[in-house]
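Undergrad: Give me the fold of what follows.
(2 chains)
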Amino acid sequence: MKNSSVCHALLKCLLIIILNAYAAIGLNAQPREQAKMDSLFRIVNQKNDTAAISALLQLNSLYFFRGMFDSAIYYCRKGIDLSKKKNDFKAANLHLAIGKSYYMKSINDSALLALDESRPYLTNADDELIVNFNSVLASVYLDKAMTDSAISIFLQSIPILEKPENKNLKHLLFNTYANIGNVFLSEIRYENAMSYYNKANAYREYAQSKVHVIQLYQKKFIIFSNTSQLKEAEKCLDSSLALLSDVNNLEMKQTIYVNYGFLFEKKHEYQKAKQWYLKGLAITDSLDNKFYRARIYNNLSSVSISLKDWTNARLYAQEALKSAKTFTSYIDINYAYGNLKLVSSNAGNFKEALKYAELQFQYADSASNSESKQKVLELEAKYQNIKKEKEIADLKLTNTKKDLAVIKKNRLLLVGGITAAALLLIVSLLYRSNRQKRIIAERDKSLKDEQIKFLERQQQVVSLQSMINGQETERTRIAKDLHDGLGGLFSTIKMHFSTLQHERNELKEDPLFTKSYEMVNTASEEVRRIAHNMMPEVLIRIGLIQAVQELCNSISAGKLLNASVLAYGMNNRLNSSTEVMLFRIIQELLNNTIKHAKATEVIIQFNRENNRLTVTVEDNGRGFDMADKGIEKTAGLQSVESRVHYLNGKLSIDSQKELGTTIMMDFLINDGNI
Amino acid sequence: MLSVIVIDDHPLVGNGIAMMVKDVSYLQIVSICKNGKEGLEYLENNKPDVILLDISLPDIDGLELCALIRKQNKDVKILGLTSTNEAGIITRLLANGGNGYLLKNMERDELLMAIDEVMNNRVFLSQAANQKILEQFQSVGDAVRNSPLLTRREKEILGLLQEGHTGPQIAEKLFLSPYTVETHRKNLMQKLNANTTQQLLNIAQKNKLL
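TA: The predicted model follows:
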């Protein structure tokens, strides 16, 4: 347990050294002269931006090596401000330097930010800068316990550095291999670490500083010592010691001495071990390294115990305890109490031993706790990192998905919304247009119906009018032609016959002649009759009442039916076409009476008062059943009805069975029109 | 010697008449006019004894022309000449100053008789026309005999009005529309020259129509 704990302590210690050493990688050892800095400040104050940037970069480097990282960052910022104006390629270096400084300050997030800012300038950067960038980035990852990422970043630099044209960068190849080994070492993956250390070892002659080679040997020593390859471990220390004369580095010397002590302690050569620890302690005291002091004192104490030098063992342990307590290193306190407990129990002071044991356990707990806590923390950090990365990835994925979904949703919503709106619009438009169409259609229909009715009526009227007018005109024309033409011709023939008979008396005895004479006379009278029936001349020349009177006269002459005309207020003639129409109506009604009524009396009565005309036709015939509508048609009342309607008249048929029929027609006379 | 003119648009008729009277020593057809205008122009300068006037002329109504001629010349004898024998036309012709009336399909003797008659200041009507006139007077005579003639419906309505029924009540009783009853009543009042229903009933009573 003691050995392992010491081993751990060394590892821890070495790990810090690795990182410190790493920070120096790629940077030249700078002279610390104030003169140099003054000259740099002068350059900065001159108005040459390019030179100023270079100077600022150098200043950053100087402050960086002094551990004054804030100042280093400050000068970098100034440089960046200048480089922005010039769009200088050194911007990448400046950002990288800031990242490095933040890394040193363990402000890893700011470091990563600075590195990200430098990334855009890397596209045209040279290979050296890219490798340096990778180194810083990998270091940050390592600090954040993202070892795999760190390794992969480091590995990216390898092919760049192995390019034939990069022969001048072999030192970086050494550094990179060494750093990969360091990462594996931190992960206690000795085999992997050793293989990379060996690769680095192959380039050790290119290393910029012997310190780096010594460090390499130290790492190898840790691996060999922890895998109990003590001979190989001693070789490493010997090689380191051989190089130490060239470098004059006290920290390295201290580390080598302590590691010799550790080696000899492992080989159970306690006296030699004590010698090396004391040599190391001397250097440590000059460097005032509390951590090393506590550790070395503890190691000296345990060696003293092994040598049964109880007095020194107690003293060393108390020193270790004192040093450890100044920086509360639980492990070292624990070790110290462990050693004190052993010393006390050896002295027979079991009460004291018990107290130390209790304290040891207490601190062991704390130590293991703190260690395990640290482990856990590291693990947790790793886990959290992985988890976070996963979460970030998941989140990114989810976000992307969400974004996509949102976009999709939005698009869907938009499309849906538009579609819905469009549909709604279309539907409403359709509905409206439909409704309007329907309304219009209905309106149209009713309008059309009305129009149709109107047209029908008009057509009826017009057709009736034209029919009647045409008919009457035709009748009038035919009647006139018959009278004047044929009638005149027959008259002349008859005159000729008459003259002939007068001139030749013997013809009176000629039956053929007399027969011909009679026939011509008959033909002449027939023509007159036809013409009269066609259109009574009296109706045209004299008027309706006279025409109706004459009609009644000829009916009454038959002695079967006595037809009489009564006219009141009929002194003025009506419109000729109305008279013809009324005459036809009366003719038709009288025809009906003669044909169907078997009446003996018929009265045709005209009553006119102002513009109101009533025509009554009444017979004393057998009448008909008013309910029997068929009678109207058979009675030929239809033409009467249509003619009455044509004259805008009102027809009233009133028939009583075996009493007679009274037909009354009412007209409104518009002077001139009717 | 009697001078005679014919106003007839039918040339055959004029020629026929001329032919019929060519051997009559006391008659001379002095002119045959084709229309009313020609006839009037001739009459401005000449005074024939007899005018044979066709009442159907193309330019003027023969009945009107008859009245026109009569206005200008009180002595000329006008004989109507038509192909129709309608009483209304005949009476109108006589009313317009015509002295007689002949149908175109007359015989030679009828024509000569007509001229003789009118020249002796008598009215002549051709036989067919004469019968028509008689028919009319027969009918008119019958009418006068029965006057004032009421229709059956008018008598019924008058009776119901006498009984004190209103128009609508009568309409209901007679299965008529009130409008028809009202028309009958109005006709009655016009026929009997009454202004009110009471007046109508009084007149009806007086004339023994009820």
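Undergrad: need the next SSE after the host helix or strand of residue A:280, C-terminal direction.
TA: Per DSSP states H and E, residue A:280 falls inside helix A:270-287. Proceeding N to C from helix A:270-287, the next assigned helix or strand is helix A:290-306, under DSSP H and E.
Undergrad: which helices and strands does that next one pack with?
TA: Contacts defined by 3 or more Cβ pairs under 8 Å, 6 or more residues apart in numbering or on different chains; DSSP states H and E place helix A:290-306 against helix A:2-24, helix A:250-266, helix A:270-287, helix A:310-326, helix A:330-346. In this view, the C-beta of every residue, glycine as well, is placed from N, C-alpha and C.
Undergrad: Show me what the third one is packed up against.
TA: Contact analysis of helix A:270-287 by 3+ Cβ pairs under 8 Å, 6+ apart lists helix A:250-266, helix A:290-306 as its packing neighbours.
Undergrad: Tell me which of the helices and strands packed on helix A:290-306 sits nearest to residue A:173.
TA: Between residue A:173 and these, the shortest gap by Cβ to Cβ is with helix A:2-24, which sits at 14.9 Å.
Undergrad: Contacts for the helix or strand following that closest one, please.
TA: Counting by DSSP H and E, the next helix or strand C-terminal to helix A:2-24 is helix A:34-45. The contact list for helix A:34-45, computed with Cβ atoms under 8 Å, 6 or more residues apart in numbering or on different chains, reads A:30, A:51-52, A:54-56, A:58-59, A:62, A:78.
Undergrad: And for stretch A:588-604?
TA: Contacting residues not belonging to stretch A:588-604 are listed as A:548, A:551-552, A:555, A:560-566, A:586, A:615-624, A:635-637, A:639-640, A:660-661, A:663, B:149, B:151 [Cβ under 8 Å, 6+ apart].
Undergrad: Give the next helix or strand downstream of the helix or strand of chain B at the bottom of the mean pLDDT ranking.
TA: The weakest-scoring helix or strand in chain B, judged by mean pLDDT, DSSP states H and E, is helix B:127-146 (a mean of 70). Next along the chain after helix B:127-146, taking DSSP H and E as the criterion, comes helix B:152-162.
Undergrad: burial count for residue A:519?
TA: Using other Cβ atoms under 10 Å in any protein chain shown, residue A:519 has 11 other residues around it.
Undergrad: buried ones in stretch A:661-669?
TA: A:661-667, A:669 (16 or more other Cβ atoms under 10 Å in any protein chain shown).
Undergrad: Give me the subset of those lying in strands.
TA: A:661-667 (DSSP state E).
Undergrad: near chain B, which of the residues you listed show up?
TA: When Cβ under 8 Å from any Cβ of the partner chain is applied, the members of those adjacent to chain B are A:662, A:664, A:666.
Undergrad: my guess is the last one meets residue A:650, correct?
TA: Yep, that's residue A:666 we're talking about. Yes: counting by Cβ atoms under 8 Å, residue A:650 is a contact partner of residue A:666 at 4.1 Å.
Undergrad: So what's the gap between the helix holding residue A:280 and the chain middle?
TA: Chain-centre distance of helix A:270-287: 74 Å, with Cα atoms, centre = their mean, to the nearest Å.
Undergrad: For that helix, the averaged confidence score.
TA: Mean per-residue pLDDT for helix A:270-287: 86.
Undergrad: Next, the angle helix A:310-326 makes with it.
TA: Per axes from the mean of the first three to the mean of the last three Cα atoms, to 10 degrees, the angle that helix A:270-287 makes with helix A:310-326 is 40 degrees.
Undergrad: residues in contact with helix A:270-287?
TA: A:250-251, A:253-255, A:257-258, A:260-265, A:292-293, A:296-297, A:299-300, A:303-304, A:306-307.
Undergrad: What subset of those residues is buried?
TA: Buried members of the contacts of helix A:270-287, counted by 16+ other Cβ under 10 Å: A:251, A:253-255, A:257-258, A:260-265, A:292-293, A:296-297, A:299-300, A:303-304, A:306.
Undergrad: Now do the buried residues in the helix holding residue A:280.
TA: So for helix A:270-287, counting by 16+ other Cβ under 10 Å, buried means A:270, A:272-277, A:279-281, A:283-284.
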